[in-house]
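J.: Sequence plus predicted model, see below.
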Amino acid sequence: NNSAPTVAMLLSGGVDSSVALNLLKRQGYNVTAFYLKIWLEDELAHLGQCPWEDDYRVCQDVCAQAGVPLETVSLQKEYKERVISYTVHEAERGRTPNPDIMCNSRVKFGCFYDAIEGRGFDYVASGHYAQLVNDTEITGLRRLLRAPDPVKDQSYFLCALTQDQLKRILFPIGHLQKSEVRDLAEEFDLPNKKRPDSQGLCFLGKVKFDEFLAAYLGTRPGDIVDASTGDILGRHNGVWYHTVGQRKGLGKVLNPLATSRGPWYIVAKDPERDIVFASNEYDEEVFTAARSDFYIEDIRWITGTPPTSSMERIGRSGWKGRFSMKIRHGPRLVQGTLELTHDDYGNVRLDNKDGGLAPGQFVVFYTLDDNECLGSGVISERHWAKFLLDNIDVVGAASQSA
């Protein structure tokens with residue numbers, strides 16, 4: 001059908017994108033499937049088998065069954081420049097990067113658009129769990145909604161997309177529960193209908209994040225310091241191997257005497273001095289502020305402007321409003337207040353303490369009914385600066401007496 005809208009479908013070899021492709025075909029779209037080759041097999045081959053050959057073979061089977069052409073686009077260079085370098089740079093600064101958010105905004109719905117430019121595709125589609133709706137005719141804006149399946153919802157990873165990107169996207173399975181997608185895989189009798197869901201980051205597939213960081217950053221040891229007393233508790237291999245709120249796996253790097261006084265949690269990092277701070281009082285009142293108040297930067301809104309209709313003015317140019325938020329990908333939303341002191345930055349106060357607020361982490365804002373994804377920001381460095389200042393007396397005194 002030559003008059004049917006054309007869709008460039010991002011196919012990964014997983015069940016979700018394969019069902020999405022078949023739904024588009026059933027709805028009468030003219031579909032071409034694209035497999036993005038972003039796997040860095042050359043550098044990371046020694047860390048595990050390279051999964052992309054399997055994935056590609058599955059894509060070929062799915063496309064052959066559906067009668068859809070399949071093309072490969074290699075975006076390894078772009079991926080390295082736009083996602084890997086960001087991830088490594090953030091980790092080296094002691095921050096907590098989110099490669100998936102960058103992969104979506106800079107690669108899948110970024111340089112992939114450039115790669116197919118001039119070929120006249122009406123839409124780009126993927127197997128993401130999220131929904132897009134058109135606002136009123138007047139504004140012509142696209143709004144991003146959560147998927148009804150709270151566990152699978154991927155709006156968190158799509159929070160950095162712009163209106164220009166969203167206007168061309170289709171999410172064919174975004175309105176479905178995962179169980180319904182599995183049922184459709186059976187109904188279409190897909191060759192990969194029994195394939196388990198892929199875990200892990202967009203590119204790492206079967207590689208552990210620590211191994212990825214070790215390959216790029218190696219080790220840079222430093223002290224692990226008790227945030228309350230300034231005592232040295234052990235040695236770490238690099239600030240990038242630890243995240244705020246981490247409890248698991250610390251036994252290996254703490255002195256045996258310290259281990260018995262646990263459980264210990266990572267509470268802050270000082271990348272300048274290669275110090276990781278830990279505490280065995282993480283649930284005490286002294287950490288309430290560090291776990292619920294933070295500065296936020298790089299704020300971006302899906303519609304391009306702040307949702308001031310649900311906020312109140314503060315001062316001359318500030319805004320204040322209550323939102324639901326996701327501090328990380330997953331089904332859990334929390335509520336809190338955002339104060340915008342500037343277009344790009346502000347501060348957040350959560351109603352309840354969070355497990356681990358780390359600079360570099362994305363915070364995604366939703367309407368209070370948890371339905372619409374409004375935008376995002378990044379936890380600022382000032383979060384640690386404040387923690388270290390608040391604790392400077394104790395840490396300073398203890399390190400002098402040491």
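T.: Yep, it's here. Residues are numbered from 1 along each chain as shown.

J.: who touches the closest residue to R291 other than its chain neighbours in this structure?
T.: Ranked by CB to CB, 6 or more residues apart in numbering and with sequence neighbours excluded, the top spatial neighbour of R291 is K353, at 4.0 Å. The C-beta positions use only the backbone N, C-alpha and C, and glycine is treated the same way. Listed by CB atoms under 8 Å, 6 or more residues apart in numbering, the contact set of K353 reads 287-288, 291-292.

J.: low-confidence ranges in the stretch 51-200 of the chain?
T.: With pLDDT under 70 as the threshold, the stretch 51-200 of the chain has low-confidence stretches at 51, 137, 198-200.

J.: Can you show me the helices along it?
T.: Secondary structure of the stretch 51-200 of the chain (DSSP state H, counting those that start in this stretch): helices at 52-66, 76-79, 85-92, 99-102, 112-115, 163-166, 178-187.

J.: Over to the stretch 301-402 of the chain?
T.: In the stretch 301-402 of the chain, the helices defined using DSSP H, counting those that start in this stretch lie at 382-390, 392-401.

J.: By mean pLDDT, show me the worst of these.
T.: Lowest mean pLDDT of the helices of the stretch 301-402 of the chain: helix 392-401, a mean of 50.

J.: what would the contacts of K353 look like in JSON lines with neighbour count?
T.: What follows is the contacts of K353, written out as JSON lines (neighbours: other CB atoms under 10 Å):
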{"residue": "F287", "neighbour count": "19"}
{"residue": "T288", "neighbour count": "12"}
{"residue": "R291", "neighbour count": "19"}
{"residue": "S292", "neighbour count": "17"}
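
J.: coming back round to it: tell me the most buried of the helices of the stretch 51-200 of the chain?
T.: helix 99-102 (a mean of 22; mean count of other CB atoms under 10 Å).

J.: What is it packed up against?
T.: Judged by 3 or more CB pairs under 8 Å, 6 or more residues apart in numbering; DSSP states H and E, helix 99-102 is in contact with helix 85-92.

J.: So which elements touch the helix it packs on?
T.: Applying 3+ CB pairs under 8 Å, 6+ apart, one finds that helix 85-92 makes contact with helix 99-102, helix 209-217.

J.: okay if I get the ones you listed as a markdown table plus distance to T162?
T.: Below are the helices and strands packed on helix 85-92 laid out as a markdown table (distance: least, CB to CB, whole Å):
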| stretch | distance to T162 |
| --- | --- |
| helix 99-102 | 13 |
| helix 209-217 | 27 |
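
J.: closest one to R93 among these?
T.: Closest of the helices and strands packed on helix 85-92 to R93 is helix 209-217, at 10.9 Å (criterion: CB to CB).

J.: hmm, back to that, tell me the pLDDT of the residue nearest to R291.
T.: So K353 comes in at 91 (pLDDT).

J.: Kindly report the same for the one 10 residues further on.
T.: The confidence metric pLDDT takes the value 97 at V363.

J.: check contacts around it.
T.: Counting by CB under 8 Å, 6+ apart, V363 makes contact with 296, 325-327, 348, 376-379.

J.: Likewise for L233?
T.: L233 makes contact with 223-226, 254-255, 258, 264, 278, according to CB under 8 Å, 6+ apart.

J.: of those, buried ones?
T.: By neighbour count, with 16 or more other CB atoms under 10 Å, the contacts of L233 hold 223-226, 254, 258, 264, 278 as buried.

J.: mind listing which of those are in helices?
T.: A258 (DSSP state H).

J.: Need the max-distance pair from the buried ones among the contacts of L233.
T.: Maximum distance among the buried ones among the contacts of L233 (CB to CB): 13.7 Å, for D223 and W264.

J.: re earlier: could I get the contacts of L233 as CSV with pLDDT?
T.: Output for the contacts of L233, formatted as CSV (pLDDT from 0 to 100):
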residue, pLDDT
D223, 96
I224, 95
V225, 94
D226, 93
L254, 93
N255, 91
A258, 89
W264, 94
A278, 93
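
J.: Look up how far V19 lies from E180.
T.: In this view, E180 and V19 are 9 Å apart by CB to CB, to the nearest Å.

J.: what touches both of those two?
T.: Shared contacts of E180 and V19, defined by CB under 8 Å, 6+ apart, are absent.

J.: dump the residue contacts of I327.
T.: Shown in contact with I327 (CB under 8 Å, 6+ apart): 334, 354, 357, 361, 363.

J.: closest to D164 out of the helices and strands packed on helix 85-92?
T.: Among these, if distance is taken as CB to CB, the winner is helix 99-102, at 17.1 Å.
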